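**Student:** what would the 3D arrangement of this be:
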Amino acid sequence: MLAGFFRRYGFAAVVAGAIALMAVVVLGKTVFEGVAGAFASASAGQAGAGGPGVPGGPGEAMLVSGVMAETHTFSDGVQALGTAQARESIIITPKVADTIRRIRFDSGDRVRVGQVLVEMSSVEQAASLAEVRAANQAAQEELRRFEELYERGFASQARIDTVRANAEAAEARLNAGASRIDDRTIRAPFGGIVGLRSASPGQYVRPGDQIGTLDDITQIKLDFDVPETQIARIAQGVRIVARTAAFPDQEFSGTIDHFDTRVNPTTRTVRVRALLPNRGELLRPGMLMTVQVRSNPREMLAVPEIAVLEEAGDSFVLRANEGAEGRIVERIQIQTGQRSNGMAEVISGLAPGDFVITEGVQMARPGMPVRVEDAPSSAAGVEPATSGALRPRG
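**Tutor:** Down below sits the predicted model:
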């Protein structure tokens, strides 16, 4: 009988069973989602009541970090490349063609002004000088005798004039001979350090042949070019800071001494010369240096660059000062100027002591209460000017 029933109603029974199974599955899913939703709501309620750092709950205070707005030194900078030169520099070379008799310096020696550096061979000149010296003595003695005769009236005016002219000519020949001897002695025109010696005693040299170099590097002249559009920032006494690849961790400070009176019509630049004290004589002539001209130095209010929000060409910061109701986020529009070492110059919009948020800027919203970390963090590698507890604005 049961087999007959399935043969007669089998298809309908299968359909009815499938429908019943689907209803059970749908009902179970609905019940599960309801339980899960209730559990999630309970967890969110607990987090909103006491969970720190989760925004959105009523009365919630989000954790942020920041720094105080304080003054920082800014300047209008001009960047350039310059070449170092010695304060004084010469090539040691002879005035006349002759053989080197003696070199009285060695490579790297420090010499004083007037010190003899090189002596050339002067045997022939010395003999000629002895001859003209003897002739000059005879001429001067003859002039003395004729002056006595002239005073007594035994010599005419024409005769005394001739003897005086001969004596003056003899003295001139003596001075010329002494000068030729002096030309064969090379002296230091200023104190400094001698470079590498490039000649030896007994060597025949001509004018222009290099025997060595002499440099005064107690002070460095740094020449560099700036665009004509930046001439207004260049003035005598303006401070500059220079660096060189030889000493990457060291700054060399100096001031602008002079600048050229003409603008180069090809490059549209003007040549500027600065003076750098060379303590320790680390800098050498010929070094390539990067130059930063720091004109118009000023103390201005500043905040870390990471605290500045840019929107449609305007700049904003999130301020969170201590108030009667705690710390509440304010969105403040500011006007910025120069940016240096991770700090942004604030021209208007903030006051000294305002606390500016640097971490949590993306999640904080105006009107939201916030909590501040015990130690405000620095921005862009720059230590904040003030850290620790906040001060009320005003």
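**Student:** for the rest of this, base every contact and every neighbour count on C-alpha atoms.
**Tutor:** Fine.
**Student:** contacts for the helix or strand where L276 lies?
**Tutor:** Element membership for L276 (DSSP states H and E) is strand 269-277. Contacts to strand 269-277, defined as C-alpha atoms under 8 Å, 6 or more residues apart in numbering, come from residues 218-228, 231, 240, 252-264.
**Student:** return the list of strands paired to that strand, each annotated with direction.
**Tutor:** Looking at strand 269-277 with DSSP bridges, its partner strands are strand 212-227 (antiparallel), strand 247-259 (antiparallel).
**Student:** would you mind listing the buried residues in that strand?
**Tutor:** The neighbour-count check on strand 269-277 (16 or more other C-alpha atoms under 10 Å) flags T269, V270, R271, V272, R273, A274, L275, L276, P277 as buried.
**Student:** relative to strand 247-259, how tilted is the next helix or strand after it?
**Tutor:** Per DSSP H and E, the first helix or strand lying C-terminal to strand 269-277 is strand 288-304. Using axes from the mean of the first three to the mean of the last three C-alpha atoms, to 10 degrees, the inter-axis angle of strand 288-304 relative to strand 247-259 is 100 degrees.
**Student:** same for strand 288-304, what does it pack against?
**Tutor:** strand 70-92, strand 239-244, strand 343-348 (3 or more C-alpha pairs under 8 Å, 6 or more residues apart in numbering; DSSP states H and E).
**Student:** distance to F146, mean pLDDT and mean neighbour count added to these, as JSON lines?
**Tutor:** Shown next, in JSON lines, are the helices and strands packed on strand 288-304 (distance: least, C-alpha to C-alpha, whole Å; pLDDT from 0 to 100; neighbours: other C-alpha atoms under 10 Å):
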{"stretch": "strand 70-92", "distance to F146": "48", "mean pLDDT": "88", "mean neighbour count": "18"}
{"stretch": "strand 239-244", "distance to F146": "70", "mean pLDDT": "92", "mean neighbour count": "20"}
{"stretch": "strand 343-348", "distance to F146": "90", "mean pLDDT": "87", "mean neighbour count": "20"}
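**Student:** those strands: which one's closest to S121?
**Tutor:** Nearest to S121, of all those, is strand 70-92, at 16.5 Å by C-alpha to C-alpha.
**Student:** relative to the closest one, what are the paired strands and their orientations?
**Tutor:** Short version: by DSSP bridges, strand 70-92 pairs with strand 212-227 (antiparallel), strand 288-304 (antiparallel).
**Student:** using CSV, write out every CA atom in the next helix or strand after it.
**Tutor:** Heading C-terminal from strand 70-92, the first helix or strand you meet, by DSSP H and E, is strand 98-103. C-alpha atoms of strand 98-103 as CSV (Å, rounded to 0.1, in the frame of the first residue of the first chain):
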residue,chain,number,x,y,z
ASP,A,98,118.8,81.4,-15.5
THR,A,99,119.9,78.3,-13.5
ILE,A,100,118.5,77.6,-10.0
ARG,A,101,121.3,77.9,-7.5
ARG,A,102,119.3,77.1,-4.4
ILE,A,103,115.7,76.3,-3.3
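**Student:** tell me what the helix or strand just after strand 98-103 is packed against?
**Tutor:** The helix or strand immediately downstream of strand 98-103 is strand 110-111, counting by DSSP H and E. With contacts taken as 3+ C-alpha pairs under 8 Å, 6+ apart, strand 110-111 sits against strand 192-194.
**Student:** contacts for whichever helix or strand comes after the strand it packs on?
**Tutor:** Next helix or strand after strand 192-194 toward the C-terminus (DSSP H and E): strand 204-205. The contact list for strand 204-205 (C-alpha under 8 Å, 6+ apart) reads P94, A97, D98, T99, I100.
**Student:** what are the bridge partners for L275, then?
**Tutor:** L275 has these beta-bridge partners by DSSP bridges: K221, T255.
**Student:** start at 19, not 1
**Tutor:** Yep, numbering from 19; the last one is L293 now.
**Student:** distance of it relative to V347?
**Tutor:** As judged by C-alpha to C-alpha, to the nearest Å, L293 and V347 stand 50 Å apart.
**Student:** any regions of the chain where pLDDT drops low?
**Tutor:** Low-confidence segments of the chain (pLDDT under 70): 19-78, 140-145, 147, 195-197, 392-412.
**Student:** let's verify A173: helix, strand, or coil?
**Tutor:** coil (DSSP: H, G, I helix; E, B strand; the rest coil).
**Student:** quick one: residues contacting it.
**Tutor:** Residues in contact with A173 (C-alpha under 8 Å, 6+ apart) are F164, L167.
**Student:** starting at the chain centroid, how far to the helix or strand where V335 lies?
**Tutor:** Secondary structure from DSSP H and E places V335 in strand 332-337. Remark: strand 332-337 is offset 31 Å from the chain centroid, using C-alpha atoms, centre = their mean, to the nearest Å.
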